[in-house]
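**Student:** I'll drop the sequence and a predicted model, then ask my questions.
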Amino acid sequence: MSIGEGGLPLLEIDGVSRSFGGVRATDDVRLTVADGELRGVIGPNGAGKSTLFSLVSGHLTPSAGTITLDGTRIDRLPPHRRAELGVAIVFQGARLFPGLSVLENVAVGAHARTRSGIAAAILRTAGHRREEREIFADARDALERVGLGEWVDAEAGGLPLGQQRRVQLARALVARPRLLLLDEPASGLRSTERRAFEDLVRELHADGVTVLLIEHDVGLVMRLADRITVLDLGRVIADGTPDAIRADPRVIEAYLGTGDHHAAHP
Ligand SMILES: Nc1ncnc2c1ncn2[C@@H]1O[C@H](COP(=O)(O)OP(=O)(O)OP(=O)(O)O)[C@@H](O)[C@H]1O
């Protein structure tokens, strides 16, 4: 049995729909991620993966249905409130502050759990200074964890894309998330960078981090995930272990598609 199976539910997406005009981008999606699980979400172009990701991160709200994190409804909360509750996001594409150091970029990720607020930041109270020291210590730990311990002082914008993606991951980890959302984290990476990133996600998962991974690279998801949910035209068409998904005729049809509604193949 792999990690996460049979664990308590952490994320529950229940009957979630979201339309854009006449298009049902997600349609009655149900998906439960267990604590400690690495769940992959795949599907052809336009299947609703990005929409689902935004519904969990809080950048979109559902037209119907509920999303709960460890029993707390989050589907109406703004992204920063979800972050405070433990949802951390690595968005598609690197979005670092290029002129800041690697360490500073990661320290920004700790914002979700700071307590002393803006006034303290301006007044530089003792509490704030202590908090700042803690944040930078945690940022160093997170960078060690992603293999960038030697790079803390480097300018983030000068790093190769594979390293930048690691900085993003560290930035998400420093907030000590309960759920790590990864949106196409391997996109744009060269094959060696891609394999190294894959190993890193595997290590984090082995350490107990719960991950929801949305990814175009089906092979990568098959290798990493405990379970995979397959979307097609906004609906869940399959949900199971990588082996079960690989053999599922509906999945094969959705990808190799007889219909002309699918623009791409895996
Ligand atoms: N902001 C929007 N406005 C209008 N239509 C949208 C919007 N976002 C998504 N859609 C539509 O919703 C459907 C699902 O799109 P979504 O981007 O979620 O799919 P996807 O699986 O992430 O696709 P891809 O793999 O190509 O990124 C598509 O038909 C898309 O055109």
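**Tutor:** Right, received. Where do you want to start? Residues are numbered from 1 along each chain as shown.
**Student:** For the stretch 1-150 of the chain, what lies in contact range of the ligand?
**Tutor:** 20, 23, 25, 43, 45, 46, 47, 48, 49, 50, 51 (CB under 6 Å from any ligand atom). Quick note: C-beta positions are derived from backbone N, CA and C, even for glycine.
**Student:** In helices only, show me the residues you listed.
**Tutor:** Among these, the ones falling in helices (DSSP state H) are 49, 50, 51.
**Student:** Other residues contacting stretch 17-25?
**Tutor:** Here stretch 17-25 makes contact (CB atoms under 8 Å, 6 or more residues apart in numbering) with 26-29, 48, 51, 55, 60-65, 233-234.
**Student:** Break down the stretch 1-150 of the chain into its helices, ranges please.
**Tutor:** 49-57, 79-85, 102-108, 117-123, 126-145 (DSSP state H, counting those that start in this stretch).
**Student:** With mean pLDDT added, can I get these in a markdown table?
**Tutor:** Listed next are those as a markdown table, based on pLDDT from 0 to 100:
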| stretch | mean pLDDT |
| --- | --- |
| helix 49-57 | 95 |
| helix 79-85 | 92 |
| helix 102-108 | 91 |
| helix 117-123 | 57 |
| helix 126-145 | 86 |
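**Student:** Of those, which is nearest residue 243?
**Tutor:** Residue 243 lies closest, by CB to CB, to one member of the helices of the stretch 1-150 of the chain: helix 49-57, at 21.4 Å.
**Student:** Dump the C-alpha coordinates for that closest one into PDB.
**Tutor:** The C-alpha trace of helix 49-57 is given here as PDB (Å, rounded to 0.1, in the frame of the first residue of the first chain):
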ATOM      1  CA  LYS A  49      -7.400  21.100 -14.800                       C
ATOM      2  CA  SER A  50      -6.400  24.800 -14.500                       C
ATOM      3  CA  THR A  51      -9.900  25.700 -13.500                       C
ATOM      4  CA  LEU A  52      -9.900  23.000 -10.800                       C
ATOM      5  CA  PHE A  53      -6.600  24.200  -9.500                       C
ATOM      6  CA  SER A  54      -7.900  27.800  -9.300                       C
ATOM      7  CA  LEU A  55     -11.000  26.700  -7.500                       C
ATOM      8  CA  VAL A  56      -8.800  25.000  -4.800                       C
ATOM      9  CA  SER A  57      -6.300  27.900  -4.600                       C
END
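**Student:** so what does it touch, helix or strand wise?
**Tutor:** Other helices and strands packing on helix 49-57, by 3 or more CB pairs under 8 Å, 6 or more residues apart in numbering; DSSP states H and E, are strand 9-20, strand 23-34, strand 38-42, helix 79-85, strand 87-90, strand 179-183, strand 210-214.
**Student:** What's the local residue count around the one residue in the stretch 151-266 of the chain that gets nearest to the ligand?
**Tutor:** Closest contact between the stretch 151-266 of the chain and the ligand, by CB to the nearest ligand atom, is at residue 216 (6.0 Å). For residue 216, the tally of surrounding residues (other CB atoms under 10 Å) stands at 17.
**Student:** same thing with residue 217?
**Tutor:** 18.
**Student:** repeat for the one 3 residues further on
**Tutor:** The burial count assigned to residue 220 is 20, neighbours taken as other CB under 10 Å.
**Student:** where does it fall, phi/psi-wise?
**Tutor:** phi -60, psi -40 (degrees, to the nearest 10).
**Student:** Would you check how far apart residue 90 and residue 183 are?
**Tutor:** Distance of residue 90 to residue 183, given as CB to CB, to the nearest Å: 7 Å.
**Student:** try residue 231
**Tutor:** 14 Å.
**Student:** Which of these two has more residues huddled nearby?
**Tutor:** Taking other CB under 10 Å, residue 231 and residue 183 do not tie; residue 231 has more neighbours (27 against 21).
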